[in-house]
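> prediction below, plus the sequence it came from.
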Amino acid sequence: GRIEAAINRTLEGNALIGILVGVLLTVAVQSSSVTTSLLVPMCAAGVMGLSSAFPIMLGANIGTTVTALIASMAQDSPAALTIALVHLLFNTVGVTACVLVPPLRKIPIFLATGLAERATRSPWWVVGYVLGVFVAIPLTGWLLWR
């Protein structure tokens, strides 16, 4: 109880600590999926709040770029290192925007909470979301700009 409260208080009070935790954990296991898989049951059990978990997820997005950086260094190719650095910069800029612009922090949590509430009532919401985001939108973009 006291440890849980201290962790939540620390993470809610300073998003940078949460981001650092996410980066370090993801670098250590070289998988943002593992970091996410640890956070999901903690949030579900109420051990960690969404506002504490979100910065860790942001950090995991930065930490996942380290694997690409390591792989790019194994190649003797400026193109490989360039694309790995683009990946790092893209994720870092996105995380920085979420941290520096407080209203942006609320958007993903609001949207995910709404989808989660609907999905608990009907799993078809998840099917529709996946089809829409990963099939319909890319297909529409491809058809419009080919």
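All right, it came through fine.
> in which helix or strand would I find the residue nearest to the spatial centre of the chain?
Closest residue to the average C-alpha location of the chain: residue 57 at 4.1 Å, with Cα atoms, centre = their mean. Assigned by DSSP states H and E, residue 57 belongs to helix 50-63.
> buried residues in that helix?
52, 53, 54, 55, 56, 57, 58, 59, 60, 61, 62, 63 (16 or more other Cβ atoms under 10 Å). In short, each C-beta sits where N, CA and C put it, glycine included.
> wait, the fifth one touches residue 18, no?
Spelled out, that is residue 56. Yes. Using Cβ atoms under 8 Å, residue 56 is in contact with residue 18, at 4.9 Å.
> okay, and the common contacts of these two?
Common neighbours of residue 56 and residue 18, using Cβ atoms under 8 Å, 6 or more residues apart in numbering, are residue 11.
> returning to what we had before: who are the packing partners of the helix holding residue 57?
On a contact count with 3 or more Cβ pairs under 8 Å, 6 or more residues apart in numbering; DSSP states H and E, helix 50-63 meets helix 2-13, helix 15-29, helix 32-44, helix 78-100, helix 102-121.
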